[in-house]
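S.K.: I would like to see how this sequence folds:
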Amino acid sequence: MILILNAGSSSIKFALFLADTVPGADNLLCDGQMSGIGHSIHFHAVDGAHHTLVNDYLPQGVDHEQAVARLLQWIGSHYANNRLVGAGHRVVHGGARYIRSTLIDDVVLAELRHLIPLAPLHQPHHIAAIEALQKLYPALPQAACFDTAFHHTNAALATAYALPRALSEQGIRRYGFHGLSYEYIASVMEATLGAELAQGRVVVAHLGAGASMCAMANRQSVASTMGFTALDGLPMSRRCGTLDPGVVLYLIDELRMSTDQVAHLLYNDCGLFGVSGVSDDMKTLEESSDAHAREAIDLFVYRINRELGSLVAALGGLDALIFTAGIGEHAAALRSQVSQAAAWTGLQIDAQLNAQHATRLSGPNARVSAWVIPTNEDLMIAQHAWRLLFR
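M.R.: Below you'll find the model as predicted:
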């Protein structure tokens with residue numbers, strides 16, 4: 001079996017795949033999460049048919065290492081006839097060096113620590129899960145699978161900032177994120193869209209708590225809305241998205257905020273939550289009668305349309321738009337708004353198909369088609385880990 005871990009500040013999402021062959025949807029044994037780390041942890045898992053396997057609460061104050069230990073204990077008990085042969089981790093930032101997944105050793109782990117300032121919300125928790133597993137299973141091979149890696153096909157011009165060359169040479173450039181999600185979408189585009197359209201000019205909108213968009217040509221990343229860190233681009237549930245750097249200088253110089261205070265503001269108090277003052281959850285905002293909730297949604301749609309224009313320019317046109325991730329897959333009203341705002345591209349969405357959450361949202365005669373494809377980052381990590389372990 002291969003264990004997949006996606007560790008956050010207060011949760012550990014996990015999946016378990018059989019390792020007899022290259023993992024696919026049929027190889028999934030279970031998936032779930034431990035949420036509420038540091039408080040009362042809710043431990044929930046379902047099998048491949050979505051039947052509940054465990055729905056329990058762990059004691060107060062359990063940390064990442066203890067949570068991983070409890071997970072391994074449960075796996076060993078529930079899957080006693082199978083052996084754990086490796087683990088794969090989602091790691092948000094791989095920097096310029098890691099353009100593909102890699103087995104983790106001391107050198108790799110040290111590099112990941114150096115990248116913490118570029119992904120402070122994510123990187124420390126990925127490392128905590130890796131170290132916890134190392135301590136509990138020292139001989140177990142572990143693979144790091146990077147959200148930045150998919151974007152290594154971007155041209156140098158697409159990744160450059162207009163900074164002094166000395167700073168650029170230190171690695172201050174655009175990287176792009178959500179690469180594991182985009183890689184999965186690219187892997188199923190031909191089967192879903194057809195061979196000709198999959199090779200064309202496609203924008204994928206990964207709209208969730210973290211949100212970004214990626215321009216693809218021939219199923220490879222050409223440009224992305226995220227940059228040096230995962231703060232850039234679209235407004236998100238609690239992150240600000242694109243911001244004039246002068247705002248940061250103003251916060252520090254005029255409002256006397258510390259860098260820690262600014263970081264907390266930009267990562268935790270902005271986005272849908274900051275604008276609405278109501279919630280960072282799209283469903284809650286859509287159901288709210290508060291005018292600020294409506295404004296937050298409208299701003300989100302406006303920014304999606306603005307970023308879409310930028311990505312269409314990078315591609316030289318548009319053939320299809322794909323929605324994915326939590327909001328993209330489930331928020332039909334939001335998809336409809338985006339379609340109306342992006343009508344200038346030729347994008348069309350059929351209202352009935354959209355309400356049904358169909359895979360293809362556009363009629364057969366649409367010049368630019370719209371699609372919904374559920375993402376599967378866990379499967380991509382499992383496949384990368386399997387190939388590193390067995391090839």
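
S.K.: Grab the nearest non-local neighbour of Leu3.
M.R.: Ala87 (4.5 Å; Cβ to Cβ, 6 or more residues apart in numbering). Where C-beta positions appear, they are placed from N, C-alpha and C, glycine not excepted.

S.K.: residues in contact with that neighbour?
M.R.: Residues in contact with Ala87 (Cβ atoms under 8 Å, 6 or more residues apart in numbering) are Ile2, Leu3, Ile4, Leu5, Leu133, Leu140, Pro141, Gln142, Ala143, Ala385.

S.K.: That one in helix, strand or coil?
M.R.: Under the three-state scheme (DSSP: H, G, I helix; E, B strand; the rest coil), Ala87 adopts strand.

S.K.: and it, bridged to which residues?
M.R.: Beta-bridge partners for Ala87, by DSSP bridges, are Leu3, Gln142.

S.K.: thinking again about what came up before, report the lowest-confidence entry in the contacts of Ala87.
M.R.: In terms of pLDDT, the least confident member of the contacts of Ala87 is Leu133, at 92.

S.K.: so where do the strands sit in the stretch 101-250 of the chain?
M.R.: For the stretch 101-250 of the chain, the strands defined by DSSP state E, counting those that start in this stretch occupy 102-103, 142-146, 201-207, 211-217, 220-224.

S.K.: Quick check: buried residues in the last one?
M.R.: Applying a neighbour-count criterion of 16 or more other Cβ atoms under 10 Å, one finds Ser221, Val222, Ala223, Ser224 buried in strand 220-224.

S.K.: Need the nearest residue in space to the first one, chain neighbours excluded.
M.R.: Right, Ser221. Nearest to Ser221 is His151, by Cβ to Cβ, 6+ apart, at 4.6 Å.

S.K.: Surely the one you found and Gly176 touch.
M.R.: Yes - counting by Cβ atoms under 8 Å, His151 does reach Gly176; the two are 3.4 Å apart.

S.K.: if I look at the two, which residues touch both of them?
M.R.: Residues touching both His151 and Gly176 by Cβ under 8 Å, 6+ apart: Cys214, Ser221, Ser224.

S.K.: now, among the residues you listed, which is nearest to Ala186?
M.R.: Ser221 (8.3 Å; Cβ to Cβ).

S.K.: before we move on, the earlier item: what's the closest of the strands of the stretch 101-250 of the chain to Ile327?
M.R.: Judged by Cβ to Cβ, the one of the strands of the stretch 101-250 of the chain that comes nearest to Ile327 is strand 201-207, at 4.0 Å.

S.K.: Can you give the contact residues for that closest one?
M.R.: 178, 181-182, 185, 189, 193, 211-217, 219, 234, 304, 308, 311-312, 315-328, 331, 334, 338, 375.

S.K.: Stretch 290-309 too?
M.R.: Residues contacting stretch 290-309 (Cβ under 8 Å, 6+ apart): 203, 205, 207, 211, 213, 225, 233-235, 241-242, 272, 275-279, 282, 284-286, 288, 318, 321, 334, 337-338, 341-342, 345.

S.K.: Assign Ser279 to one of the three secondary structure states.
M.R.: Secondary structure state of Ser279, per three-state DSSP, is coil.
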